[in-house]
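Enquirer: model this:
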Amino acid sequence: SQEVQLAGDFGSGRFDYVVGLYYFKEDSEQFLDTITFFAPTETALLPKTESYAAFGQLTYNVTDDFAVMLGGRQSIDKKELVASLGGVDVVRSDRWERFTPKLGLQYKLNRDVLLYASFSEGFKSGGYNGLASNAAQLALPFQPQITRAYEAGIKSDLLDYTLRMNLSVFRNEIEGRQQVINTGDGGFINENYDVRIQGLEAELSWNVFRNLTLWLQGALNDGKYTDLKTSLIGVLGDEIPSLPDYQYTIGFDYSTIAGSGTLSFGSDFMVRDQFYVDAGNTPIAWVPKQELLGAYIGYEIDRWTFKLRGKNLTQTESWQTGFGFSVVQPRIIIDPRTWMFTASYKF
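Expert: The predicted model follows:
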């Protein structure tokens, strides 16, 4: 991959710009020998990808406090697949391209508060189902995903820069969301659905005094399917996978001089609402509400930094995903209580 950029300004600093070109190429080979209920299957996958893009953004500083941003990106993706699954050959060549615009506004209410709003469009090209269970599924590519994202918010540093408060509201209208589904016969393929996701995100950080910081990060989410592009699974009315209604993490960081170095320690507590990890909302793919506690302690002296970190200190037993077909119904558990010690040296 390679990217080149040219950035600068003109008009006595009234206009800022960046333009660039991007190139990516990938060749790969993968060979799989699979045995499902004593039935062997051989799969050979030789995909190729070549991607080009040209992009640019212009910022017009209307005043010292108000700016307008306009940008765009032209993307072209070429993909090829030579494959064999169960003795059946598959050869495909596809090309996807899209122009994606961006528009942004930002206004400095004062030196401590920034208001902003933006609209942008994202593009993710289609591809091939390497985990398909038969050649027909492998030969049918999934389609591109286009996301239209709306966001508005506030970024602020208040109380003499001791309180940081960032809030944003967002709405993503996703056309052709690429979503992995379980075919029920040992395979997994991507299907395309139209989805609307919206919510609120918050980030708060308070320096209670010089050595102690309290912080909070959280999000509220709401999502639903708006249309079906393909129909292997009827998902209208189901919950969006991997989208809990809420999640937040609270924590603190503290540091103090200790001897010839600096002692630091802190903790974080994460709460995440229940959600499903599959499109069909099957019981095996349900993940319950989770509460996880972590902490660390560190010591920095001269060029050395030592840190001991613990995760899931309360030994919560839960799982992060699950799926099933036939009589096979596995769940993958989250890590139990774990410890990690690191030592680093700055040259």
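
Enquirer: which element is the closest residue to residue 122 other than its chain neighbours on?
Expert: Excluding its sequence neighbours, the residue lying closest to residue 122 (C-beta to C-beta, 6 or more residues apart in numbering) is residue 147, at 4.2 Å. To be clear about C-beta, it is placed using only N, CA and C from the backbone, and glycine gets the same treatment. Using DSSP states H and E, the element containing residue 147 is strand 145-158.

Enquirer: mind giving me the packing neighbours of that strand?
Expert: If you count contacts as 3 or more C-beta pairs under 8 Å, 6 or more residues apart in numbering; DSSP states H and E, strand 145-158 packs onto strand 113-124, strand 163-182.

Enquirer: list the buried ones in that strand?
Expert: 145-149, 151, 153, 155-157 (16 or more other C-beta atoms under 10 Å).

Enquirer: what's the most buried one of the helices and strands packed on strand 145-158?
Expert: Of all the helices and strands packed on strand 145-158, strand 163-182 carries the top mean neighbour count, a mean of 18, counting by mean count of other C-beta atoms under 10 Å.

Enquirer: just checking, what packs against that one?
Expert: By 3+ C-beta pairs under 8 Å, 6+ apart, strand 163-182 packs against strand 145-158, strand 188-209.

Enquirer: the inter-axis angle of the first one versus strand 163-182?
Expert: Between strand 145-158 and strand 163-182, the angle comes out at 160 degrees (axes from the mean of the first three to the mean of the last three C-alpha atoms, to 10 degrees).

Enquirer: so what touches strand 145-158?
Expert: The set of residues external to strand 145-158 that reach it, using C-beta atoms under 8 Å, 6 or more residues apart in numbering, is 98, 112-124, 163-178, 192, 201.

Enquirer: paired strands for it, with orientation please.
Expert: strand 113-124 (antiparallel), strand 163-182 (antiparallel) (DSSP bridges).

Enquirer: of these, which shows the lowest average pLDDT?
Expert: Note on these: strand 163-182 shows the lowest mean pLDDT, a mean of 93.

Enquirer: run the chain-centre distance for that strand.
Expert: 9 Å (C-alpha atoms, centre = their mean, to the nearest Å).

Enquirer: next, format the strands paired with strand 145-158 as a markdown table and append distance to residue 83.
Expert: Converted to a markdown table, the strands paired with strand 145-158 look like this (distance: least, C-beta to C-beta, whole Å):
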| stretch | distance to residue 83 |
| --- | --- |
| strand 113-124 | 21 |
| strand 163-182 | 18 |
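
Enquirer: so which of these comes closest to residue 249?
Expert: For residue 249, the closest of the strands paired with strand 145-158 is strand 163-182, at 14.5 Å, according to C-beta to C-beta.

Enquirer: so how far is residue 310 from the residue nearest to residue 122?
Expert: Using C-beta to C-beta, to the nearest Å, one obtains 37 Å as the distance from residue 147 to residue 310.

Enquirer: can you check residue 23 too?
Expert: Taking C-beta to C-beta, one finds residue 23 at 44 Å from residue 310.

Enquirer: more neighbours: which of the two?
Expert: residue 310 (15 against 12; other C-beta atoms under 10 Å).

Enquirer: partner residues bridging the more buried one?
Expert: Counting by DSSP bridges, residue 310 forms beta bridges with residue 295, residue 339.

Enquirer: hang on, it packs against residue 268?
Expert: No: Residue 310 sits out of contact with residue 268 when judged by C-beta atoms under 8 Å, with a separation of 10.7 Å.

Enquirer: list the residues that contact both of those two?
Expert: 294-295.

Enquirer: can I get the buried residues of strand 145-158 in JSON lines including pLDDT?
Expert: Shown next, in JSON lines, are these (pLDDT from 0 to 100):
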{"residue": "145", "pLDDT": "96"}
{"residue": "146", "pLDDT": "97"}
{"residue": "147", "pLDDT": "97"}
{"residue": "148", "pLDDT": "97"}
{"residue": "149", "pLDDT": "98"}
{"residue": "151", "pLDDT": "98"}
{"residue": "153", "pLDDT": "97"}
{"residue": "155", "pLDDT": "97"}
{"residue": "156", "pLDDT": "97"}
{"residue": "157", "pLDDT": "95"}
